[in-house]
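A.B. asks: please work out how this folds:
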Amino acid sequence: MLFYSLAGLVQLFALLIFAFGFFPSKSPIPGFATHESQKIDGAAQSLSLECLEKISNDKPLIDQLVIVVIDALRSDYLFDEETPMTFIRSLVESGNRLAFNAHVQSPTVTMPRIKAFTSGTVPAFLDIVLNLASSGFSEDSIIAQLQKNNQRIAFYGDETWLQLFPNTFLQRSEGTVSFFVKDYTEVDDNVTRHLDHELKHWNSWDVMILHYLGLDHIGHSLGPKSPVLPGKLREMDSIVRKIYHSLTENNRSFGMVILGDHGMTDGGSHGGSSDQETLVPLVFLSPQMSATSVFIDGKRVEQIDMVPTVSGLLGLPIPQNNLGAMLIDVLSAFKRPEQLHKQLSDLMLVHANAVQISKVYESRFGSEMSDQLDQFTRRSGAILDAYCRQGSLPEGEPVSALIAGYLSMIQEMQGRLLVSFANYDMDLIYIGLGMSLMVTLSLVLRLLYKYYRQETRQWPSFSTAILWVGLALHAISLFASSFVEEEHQIWYWLLPSYLILFGFQQVGKLLVHGKDEQSKSSKNDIVKLLIILVLHRVLRAWNQTGDKWAHLPDIGDWLNQPSHKNEVVFLGIGSIILITLILLHRDRHRLRISHFLCVVGLVLVAFAHFSFD
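C.D. replies: You can find the predicted model right below:
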């Protein structure tokens with residue numbers, strides 16, 4: 001007994017070591033960013049404050065910002081030529097829109113993604129667990145910077161935001177619950193019903209955030225090919241149109257950001273790293289934009305690039321731990337009085353981004369990029385000095401080339417940082433796996449030793465041997481990623497195979513024993529096996545799961561169609577009657593209270609389901 005207890009403790013210790021290696025830890029830079037820490041130091045201290053004020057990076061380009069998060073909005077829903085989101089696409093022609101094809105890091109679930117596109121950080125896999133019980137987010141973020149700069153934030157939508165950023169939004173803000181996945185109408189209506197009030201009182205907020213869950217719920221409950229999905233996309237498009245036109249009529253200097261927090265697979269799920277889950281639209285809209293280039297198919301960027309870009313639009317410091325690279329195309333598209341001021345302002349913005357991300361880079365890789373940053377800083381300081389003293393730029397130093405140099409350096413640091421945050425501690429992983437393997441081998445050897453010490457050895461039966469072989473094959477299959485994604489296919493094969501072999505055994509007994517009592521039992525077993533095999537095939541076709549074939553039509557899809565509600569009701573009532581008959585058959589003399597409660601519970605569940613639909 002002591003041996004098995006020690007083996008269990010060592011196995012638990014091995015699991016902990018493996019977990020420390022598999023879930024990489026992050027050490028964020030503490031505190032909150034300031035403009036002073038991100039300004040250009042190379043310019044002379046005696047420069048005119050009035051001159052610097054004209055090109056300062058803490059001057060907002062817009063007065064108001066609306067962020068619309070459409071949960072599970074994947075890229076093809078917007079960039080497809082036949083997209084129902086016609087208003088957003090129509091703004092391409094006027095140059096009032098820039099749309100990007102944004103890549104998101106896994107895990108592609110809501111809470112880690114909100115953390116990512118508000119702080120610019122990379123989520124951890126442990127955030128999947130925390131997603132079920134979201135707690136306050138204490139790192140520097142756009143939301144924290146807005147609060148520190150006394151900006152008023154209105155919020156309506158997924159209550160995860162209220163849990164991550166408590167006591168941050170206006171009192172009238174309201175969250176919606178995300179766990180009623182069959183509801184894709186009311187959950188969005190509860191957000192939209194506040195729009196008229198907020199647009200009427202547009203001067204009572206600086207930033208408004210809306211997070212719509214309906215599209216995600218359609219994916220989970222009906223699938224991304226559902227006939228109700230285009231209608232939901234049109235609804236989201238009409239909401240964007242309403243906000244855009246209302247603020248334009250009020251002559252507001254505003255911008256809008258429309259994005260999906262993550263995508264969804266053809267099966268309607270998310271959380272993994274497929275293109276369907278990790279590619280989402282990132283759209284910037286504003287009547288103040290005059291885009292010279294149009295991204296019809298979507299230029300590929302990182303979703304976290306939104307963080308420094310929004311910071312630049314609102315004149316905020318870039319959050320301390322941001323890994324995003326500023327989308328200079330967006331900032332350059334905003335109209336400003338003088339072209340030279342515009343270029344110098346963009347220069348100060350990309351410098352702030354470079355200084356900020358270099359601190360994160362230095363914390364992981366040392367100061368290997370500091371010489372290049374110092375060189376860019378000196379050149380930037382010389383440009384500002386010449387402009388403020390002489391009203392012109394130094395010869396042979398084009399600002400656009402310097403901005404391009406900054407962006408190249410930022411993207412180089414971003415690339416290395418993103419890879420490093422996704423790396424695992426392989427030494428700890430190998431140690432944990434090695435210890436676990438040693439414990440497993442020790443247990444196997446112990447069992448073999450006990451077996452060979454027995455005076456009478458009995459080999460396992462044929463059916464038991466087949467069962468052990470099947471379990472061994474299943475364990476081996478987990479070394480292949482495709483079998484991990486489609487693990488259920490192994491069970492789909494193992495279960496009927498085992499049942500068929502067991503059926504052959506019963507047929508053999510039937511042939512040997514003729515018409516005695518044991519043959520009668522074998523006949524009953526064969527009939528039961530046939531029923532189980534038929535039911536197994538029906539259940540397999542009921543709901544396609546996994547990754548590769550989840551998009552194929554199945555019985556569940558057919559039943560979920562609005563025109564087949566009667567069939568669902570019939571199946572529900574029939575199932576309850578059948579379960580009741582089985583319970584009565586098991587105990588014919590009296591109906592136990594447990595049987596009664598079971599039936600009542602099933603009736604209530606069915607009633608709730610049917611009434612909700």
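A.B. asks: what's the separation between Gln343 and Ala404?
C.D. replies: Using Cβ to Cβ, to the nearest Å, one obtains 12 Å as the distance from Gln343 to Ala404. Backbone N, C-alpha and C define where each C-beta goes, glycine included.
A.B. asks: between these two, which is the more surrounded one?
C.D. replies: A count of neighbours by other Cβ atoms under 10 Å puts Gln343 above the other of Gln343 and Ala404, at 20 against 13.
A.B. asks: so what secondary structure elements neighbour the helix or strand containing the more buried one?
C.D. replies: Per DSSP states H and E: Gln343 is located in helix 339-365. Counting contacts by 3 or more Cβ pairs under 8 Å, 6 or more residues apart in numbering; DSSP states H and E, helix 339-365 is packed against helix 306-314, helix 328-333, helix 370-390, helix 399-422.
A.B. asks: how about the ones you listed in TSV, adding mean pLDDT and distance to Ser226?
C.D. replies: Formatted as TSV, the helices and strands packed on helix 339-365 follow (pLDDT from 0 to 100; distance: least, Cβ to Cβ, whole Å):
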stretch	mean pLDDT	distance to Ser226
helix 306-314	96	29
helix 328-333	89	33
helix 370-390	85	50
helix 399-422	91	33
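A.B. asks: point out the most buried one among these.
C.D. replies: helix 306-314 (a mean of 26; mean count of other Cβ atoms under 10 Å).
A.B. asks: and the angle from that helix to helix 339-365?
C.D. replies: If you take axes from the mean of the first three to the mean of the last three Cα atoms, to 10 degrees, helix 306-314 sits at 150 degrees to helix 339-365.
A.B. asks: gap between helix 306-314 and the chain center?
C.D. replies: For helix 306-314, the separation from the chain centroid amounts to 21 Å (computed by Cα atoms, centre = their mean, to the nearest Å).
A.B. asks: please apply the same query to stretch 471-481.
C.D. replies: Worked out by Cα atoms, centre = their mean, stretch 471-481 lies 28 Å from the chain centre.
A.B. asks: hang on, the earlier thing: for Leu210, find the nearest of the helices and strands packed on helix 339-365.
C.D. replies: Ranking the helices and strands packed on helix 339-365 by proximity to Leu210 (Cβ to Cβ) places helix 306-314 first, at 15.1 Å.
A.B. asks: what packs against that closest one?
C.D. replies: Looks like helix 306-314 contacts strand 64-70, helix 110-119, helix 142-148, strand 254-259, helix 328-333, helix 339-365 (3+ Cβ pairs under 8 Å, 6+ apart).
A.B. asks: and the residue nearest to Lys148 when sequence neighbours are not counted, how close does it get to Leu445?
C.D. replies: Of all residues not flanking Lys148 in the chain, Phe32 sits nearest, at 6.5 Å (Cβ to Cβ, 6 or more residues apart in numbering). To Leu445, Phe32 is 57 Å away according to Cβ to Cβ.
A.B. asks: go on, Trp558?
C.D. replies: Trp558 is 53 Å from Leu445, by Cβ to Cβ.
A.B. asks: now do Ser119
C.D. replies: From Ser119 to Leu445 the distance is 51 Å (Cβ to Cβ).
A.B. asks: the more surrounded of the two?
C.D. replies: Using other Cβ under 10 Å as the criterion, Ser119 and Leu445 rank with Ser119 on top: 26 against 10.
A.B. asks: could you check the angle helix 399-422 makes with the helix holding Gln343?
C.D. replies: Angle, helix 339-365 to helix 399-422, by the same axes, to 10 degrees: 30 degrees.
A.B. asks: how distant is helix 339-365 from the center of its chain?
C.D. replies: Centroid separation for helix 339-365 versus its chain: 28 Å, with Cα atoms, centre = their mean.
A.B. asks: which parts of that helix are buried?
C.D. replies: The neighbour-count criterion (16 or more other Cβ atoms under 10 Å) identifies 342-358, 360-362 as the buried residues of helix 339-365.
A.B. asks: what secondary structure does Leu98 sit in?
C.D. replies: Under DSSP: H, G, I helix; E, B strand; the rest coil, the three-state class of Leu98 is strand.
A.B. asks: and it, how far from Ile328?
C.D. replies: Per Cβ to Cβ, Leu98 is found 11 Å from Ile328.
A.B. asks: swap in Ala102?
C.D. replies: In terms of Cβ to Cβ, Ala102 sits 16 Å off from Ile328.
A.B. asks: what's the answer for Glu139, then?
C.D. replies: In this view, Glu139 and Ile328 are 25 Å apart by Cβ to Cβ.
A.B. asks: Met369 now?
C.D. replies: To Ile328, Met369 is 19 Å away according to Cβ to Cβ.
A.B. asks: surely Gln414 and Ala354 touch.
C.D. replies: No - Gln414 is not in contact with Ala354 according to Cβ atoms under 8 Å; the separation is 10.6 Å.
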